[in-house]
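Participant: Sequence first, predicted model second:
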Amino acid sequence: MLTLYYVSATFVQSWRIQRACNKIAEHLAQSSSIAFYALQPGNDDGFDPTFASSELCGNRNAAKVTDILWLRGNQRGCCLRPLQALQITPWISFPPAPSLLPFAYAADTATPTTTPTERQPQPRITLSTDKTQLLHLLIESQVEPQRDSGTTDATMVRLEDYGKLIAWKIDSHLAVLIETDIEHFTKLLIMTFLQNNLCINDNLPLLRIESVQREGQPQPFELLANHLKRQSRNVAEINAESWQKHLKDLRALSVLAHQATEFEIQKNRTEGKTGLPKQELVTQRQAEPTAPAVVQVKAVAVVEPTTKTTTSPAKSTHLKQPSPVQSPLNKPSELEKIAATKASTSQQPLEVQDNSATPVMVTPVPKTSTPSKSFVAVQPTSPPSTPAPTAAPTPAPTPTPATAASDSRPRPILRRNKDSLGESKPLNVLVYSDSASARDSAIATLRQLLERDVYTIYSLTPQQAAQKFWMEQTALLVVCGSVAPTIGQILVDYFLHGGKVLSLCSDILHFILPNYRTAEVREHELVQFSYDKWQRVKMMHHIFCYQPSPVKKNFSTDSEESSVQSHSRKPALVCPRSMELKDLSGQTHKLDVKVLGTEEIWNTPSLMLANSVQSGGKAVFSQVHLETNPSEFEFDEEKFAILKQNESTRLEIFTDLLRKYMGVQVRCTESPDPTATGVVFKQAYFLGRHESKFELLEKLRPRCSGTDHVLVTPKLTMKFCGQDDKTPVANTNVLPILIHSCPDDFSTVDYYDNLKTEHIGRLVIYAPVVSSSMHVINDLELVHGLAVLPLQQTAGLGRSCNQWLSPVGCAMFSTQLHIATDTALGSRLPLIQHIVGAAIVNTLRGHPLYRTLE
């Protein structure tokens, strides 16, 4: 019987492994990543791709969850697209086995040889000879081992038994890269997550296993170790104090690896500029390091925002190279030795690897967990707008013709068509600016002029711009201020491939029109210019004044467009009508250039248009501050008065440029009113059984300020008004809620006659206009099933603080559910969103008009 049981168990285990192998191979064949990870207790990400993919992956912000593979407690398993890339240049290679760095791992052979007569030693692990079966795994763990956890050597998972150890790094946690095959990958998942055995070498708690695409080569351990003091760890079993000394040694190695990487990048950059007096646009390939950004994101399964701070594991030290005359001996530094040794090693014949991009520094982003709640707020059910581009830890490298294969990686399947707004989700209008004030001014002006509920407006950071995933989702790119050379190339490439660019006092003008040079500096100068029917308009000029270079040849003898458009009595500067420009792939594009408006003192071009003949891309360049509100110059009475007088003209010119040349939809008004919002806020209504309503009000009494039933939350102030109470004026921050009244535009009879639930939706707050229905239930524990039904939202929010366009006519609501966490559903809160979605689809398909809903 035991033999039969053993055979059966072996067969079942073999069948499980084979089935899992086939499933994994199926996903990996589609250029996907498979990620299994453990969340902090009480945290729930709802399979948010920003949590599903590791912070160390360079293209993490482009990740999309395509399939859910595992869900148990705080453990998740899913499939991600595209394949996540991991840059390991600042990592450290493993020393020869056996070793104690960074953790204790055994020799490569399972049967060590002691005498010449013994049989040959067997390798500890044999990977598949089929290269299509090989892959790389990113494994992350905590840095403090589990002590007194009952874990033994028999149950502890040793990574060297499942793949070849490649590289490691340490900061807030330990990250390891191994090379394995699909079979061993499957066995590793079964031995860890599927058996709830999250403990690897040295009893380190396992956090993540994710398949990645390796990029770059790690720093050699042997070269780094030679420049450190004697290692403190020399035995496998050490106490807590010795472990802290061991971590100190590991972090010192990691710091040295980062310094060596920075030194190598700086050296390559310096050598690349040697002997080159000037670099043209198409030859600037070197990516410059960008400082990590502080980014605000929003958690998925809870309503409070979570702050993420991008921090470097070690401060990158920029080393000053000694000049030849500093020392007669001219000794090379330690990092120079490392870089020279590595460079000489790299000249040896190596196995070809898929390194499709220039190595860059990857900065991890530590996560701050969000406090758990005993209730969950469900987002509105209308389709959200397209997510904003989220900040990436580092810019992606600019591809050269030799490495252009990196652009061929499969992108997320869901794409929008910017040529068909009516059949797709709203497109983005992105604002790139080096100044927060200029960015805010540009966004505020765009919100005034663009048609409502058509576009989502976001700011674009340099890190996000370098990722390039925003290009096909953008209707208009607005650029303000100075632009870094590497980012400028990307923005130019977007324009040359059909993009619309509006330059507001930005040096992107010089990137697209290289023959325009800075002629003079005009700081805070008020100029007078003319454009089309608007004559002698006074506005602030850009601090720089770009003019066509006189050394260029083959200029046109006259600028007909400029003289006609500007109606200037003086002849404008002779400007080129056409020119050629190369994109990042080396393809030449012909540009038609046209002067739209001129400044009347020096006759310099104030407004220009560049049109890509092949792709249809358009760029409008303004050398006057069309985005600047007169209120920014209140300190200067003279300028403020002039700008205030020309304010309506500024908005008219801005609107005309957007409509005529940028091809975006603007509001149908001849003179936009800066103070008009187009939305009239009204009071809301508290609907339901009177007993239930007053029970909730009594429950909320401790939260109310005074005796007037006023609830103050971070985003909204609500007042429940009785028959004799004075109703405050409704606005974006104040919502009066009438207790004893019924709305004229909402039939409570029809609503409750068709409501079949026992609790959900029985109590309703109906709001004709509200900033966001989530603001009503955020930060408040109300009652199970309470629903907020808005007719229109002015500032709807989706996941990760994405804008949620919700004009009149959308079917949307927010509801608050109270679910015990010790129940079957309470332990699987991410399923709620799928249950709600399935219920809505099922209801729609039950309607005669939507029976064929796909």
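Facilitator: Now that the structure is in, tell me what you want to look at. Numbers count the residues shown, from 1 in each chain.
Participant: Could you find the closest non-adjacent residue to residue 699?
Facilitator: Once flanking residues are discounted, residue 699 sits nearest to residue 783: 7.3 Å by CB to CB, 6 or more residues apart in numbering. In this view, the C-beta of every residue, glycine as well, is placed from N, C-alpha and C.
Participant: helix, strand or coil for that neighbour?
Facilitator: Here residue 783 is coil, with the state taken from DSSP: H, G, I helix; E, B strand; the rest coil.
Participant: Does it touch residue 696 like I think?
Facilitator: Yes - in terms of CB atoms under 8 Å, residue 783 counts as a neighbour of residue 696; the distance is 5.2 Å.
Participant: who touches both of the two?
Facilitator: Common neighbours of residue 783 and residue 696, counting by CB atoms under 8 Å, 6 or more residues apart in numbering, are residue 763.
Participant: what sits up against the strand or helix carrying residue 184?
Facilitator: Using DSSP states H and E, residue 184 falls within helix 182-191. Applying CB under 8 Å, 6+ apart, the contact partners of helix 182-191 are 16-17, 20-21, 24-25, 28, 36, 77, 125, 127-128, 133, 135, 137, 157, 162-163, 180, 197, 209, 211.
Participant: Quick one, which of those are buried?
Facilitator: 20-21, 24-25, 28, 36, 77, 127, 133, 135, 137, 157, 162-163, 180, 209, 211 (16 or more other CB atoms under 10 Å).
Participant: In strands, which of those appear?
Facilitator: Under the assignment DSSP state E, the buried ones among the contacts of helix 182-191 contribute 36, 77, 135, 137, 180, 209, 211 to strands.
Participant: Need the max-distance pair from these.
Facilitator: Maximum pairwise distance in these, criterion CB to CB, is 16.9 Å, between 77 and 180.
Participant: The stretch 551-700 of the chain: strands as residue ranges?
Facilitator: Taking DSSP state E, counting those that start in this stretch to define them, one finds strands in the stretch 551-700 of the chain at 578-582, 588-599, 605-612, 618-622, 684-687.
Participant: mind saving the C-alpha coords of the third one as PDB?
Facilitator: Extracted as PDB, the C-alpha positions of strand 605-612 are listed here (Å, rounded to 0.1, in the frame of the first residue of the first chain):
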ATOM      1  CA  PRO A 605       9.800  85.700 -35.200                       C
ATOM      2  CA  SER A 606       7.400  85.500 -32.200                       C
ATOM      3  CA  LEU A 607       5.300  82.600 -33.500                       C
ATOM      4  CA  MET A 608       6.500  79.900 -35.900                       C
ATOM      5  CA  LEU A 609       5.200  76.700 -37.400                       C
ATOM      6  CA  ALA A 610       7.100  73.600 -38.400                       C
ATOM      7  CA  ASN A 611       5.400  70.900 -40.400                       C
ATOM      8  CA  SER A 612       6.800  67.400 -41.100                       C
END
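Participant: residues in contact with that strand?
Facilitator: Defining contact as CB under 8 Å, 6+ apart, one finds that strand 605-612 is touched by 495-496, 498, 509, 512-513, 527, 529, 531, 541, 546-547, 562, 572-573, 575, 589-599, 617-624, 657, 661.
Participant: Okay, now the unreliable bits of the stretch 301-450 of the chain?
Facilitator: Flagging of the stretch 301-450 of the chain using pLDDT under 70 yields the residue ranges 301-424.
Participant: if you set the cut-off to 50 instead, what comes out?
Facilitator: The stretch 301-450 of the chain contains residues with pLDDT under 50 at 301-336, 339, 342, 345-423.
Participant: in the chain, which segments are predicted with low confidence?
Facilitator: When residues are selected by pLDDT under 50, those of the chain lie in 113-117, 273-336, 339, 342, 345-423, 551-572, 670-676.
Participant: excluding its backbone neighbours, what's nearest residue 844?
Facilitator: Nearest residue to residue 844, sequence neighbours excluded (CB to CB, 6+ apart): residue 850, at 4.4 Å.
Participant: Look up phi and psi at that neighbour.
Facilitator: Main-chain dihedrals, residue 850, degrees, to the nearest 10: phi -130, psi 30.
Participant: Okay, it and residue 425: tell me how far apart.
Facilitator: Distance of residue 850 to residue 425, given as CB to CB, to the nearest Å: 20 Å.
Participant: ok, the two, which is more surrounded?
Facilitator: Taking other CB atoms under 10 Å, residue 850 and residue 425 do not tie; residue 425 has more neighbours (18 against 11).
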